[in-house]
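Participant: next input, structure requested:
(one chain, ligands or ions: 1)
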Amino acid sequence: MTFLNHFCSEMHKVVFKDKATAPLMKLVALLIAVGNRLKICDIRNFITDYVTTIGNRIYAHPRWNYATEPSPLVLHELTHVVFWSTTYALRYLLSKKWRLYYESVCIQTEMMCFTRCRSNAYIKIKARMLEGYGIRYSDAVNELAKRLHEVETNRHHPEAAKVYYLYADWQRLMEHVRLAGSAHHEDH
Ligand SMILES: [Zn+2]
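Facilitator: I've put the predicted structure just below:
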């Protein structure tokens, strides 16, 4: 069972869409091209390099990771699914401050699930990425440093924790399956 299956059955049904062919994404790509020209945002290769989550629909390029073991990006996008509401969508679109806050909590999920995501180097990579969303690099670094500090002091945000605990659950489940499998193997 993949983590995505586990998430769908335990928390939210998620629908995956091919970003390259979805009409809505073509429209968004057009708006982003205009935004890039007007220097409101700076997002290159929106269709191939970015994953977009709207409600419970995740628009990803066909090379999205559907593997059993989820990547940090998968856990990040699922945190957006947990956050989703109309208020969230409006805040995300209209306020840079809120956009940074929501993105930082999704990155906090990555930090909680993977020790390799808990470093200043990782924060800098993510802050560079958020610059494309119209967020100032220094603001992003500060906010992400706060999220990392919260992880280290066990004061994480509930949305990040929700995805993290589900991930930990799933890992335990997989470990049981693996042990049962090897015990079964020894019987023969
Ligand atoms: Zn995000």
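
Participant: now the residue most central in space within the chain, nearest residue through space, not along the chain?
Facilitator: Note on the chain: the residue nearest the mean C-alpha position is His76, at 1.5 Å, using Cα atoms, centre = their mean. In space, and not counting its chain neighbours, His76 is closest to Cys106: 4.5 Å by Cβ to Cβ, 6 or more residues apart in numbering. No exception for glycine: its C-beta is placed from N, CA and C like everyone else's.

Participant: which other helices and strands does the helix or strand encompassing Trp170 contact?
Facilitator: If you go by DSSP states H and E, Trp170 is part of helix 158-187. Counting contacts by 3 or more Cβ pairs under 8 Å, 6 or more residues apart in numbering; DSSP states H and E, helix 158-187 is packed against helix 3-10, helix 72-83, helix 96-113.

Participant: for those helices, which one sits closest to Ile32?
Facilitator: helix 96-113 (14.1 Å; Cβ to Cβ).

Participant: interface residues of the chain facing the ion?
Facilitator: Glu103, Cys106 (Cβ under 5 Å from the ion).

Participant: can you dump the C-alpha coordinates of the helix or strand bottoming out on mean pLDDT in the chain into PDB?
Facilitator: Using mean pLDDT, DSSP states H and E, the weakest-scoring helix or strand in the chain turns out to be helix 46-49, at a mean of 86. Taking Å, rounded to 0.1, in the frame of the first residue of the first chain, the C-alpha atoms of helix 46-49 are listed here in PDB:
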ATOM      1  CA  PHE A  46       5.000  26.000 -14.100                       C
ATOM      2  CA  ILE A  47       3.600  22.900 -15.900                       C
ATOM      3  CA  THR A  48       6.700  20.600 -15.500                       C
ATOM      4  CA  ASP A  49       8.400  21.800 -12.400                       C
END
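
Participant: parallel or antiparallel, list what pairs with the helix or strand that it is followed by.
Facilitator: Reading on from helix 46-49 to the C-terminus, the next helix or strand found by DSSP H and E is strand 52-54. Strand 52-54 has the following strand partners under DSSP bridges: strand 57-60 (antiparallel).

Participant: what's the partner strand in contact with?
Facilitator: Residues from elsewhere that reach strand 57-60 (Cβ atoms under 8 Å, 6 or more residues apart in numbering): 14-19, 22, 24-25, 51-53, 64, 77, 81.

Participant: what's the mean pLDDT across that strand?
Facilitator: In this model, strand 57-60 has an average pLDDT of 91.

Participant: alpha carbons of the helix or strand that contains Leu144, in PDB - could you do that?
Facilitator: According to DSSP H and E, Leu144 maps onto helix 137-152. Taking C-alpha atoms only, helix 137-152 is exported to PDB below (Å, rounded to 0.1, in the frame of the first residue of the first chain):
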ATOM      1  CA  TYR A 137      14.000  35.800   0.300                       C
ATOM      2  CA  SER A 138      14.900  37.200   3.800                       C
ATOM      3  CA  ASP A 139      11.200  36.900   5.000                       C
ATOM      4  CA  ALA A 140      11.100  33.300   3.800                       C
ATOM      5  CA  VAL A 141      14.400  32.400   5.500                       C
ATOM      6  CA  ASN A 142      13.100  34.000   8.800                       C
ATOM      7  CA  GLU A 143       9.700  32.200   8.600                       C
ATOM      8  CA  LEU A 144      11.300  28.900   7.800                       C
ATOM      9  CA  ALA A 145      13.800  29.200  10.600                       C
ATOM     10  CA  LYS A 146      10.800  29.700  12.900                       C
ATOM     11  CA  ARG A 147       9.200  26.500  11.600                       C
ATOM     12  CA  LEU A 148      12.400  24.600  12.100                       C
ATOM     13  CA  HIS A 149      12.700  25.800  15.600                       C
ATOM     14  CA  GLU A 150       9.100  24.700  16.300                       C
ATOM     15  CA  VAL A 151      10.000  21.200  15.000                       C
ATOM     16  CA  GLU A 152      13.000  21.100  17.300                       C
END
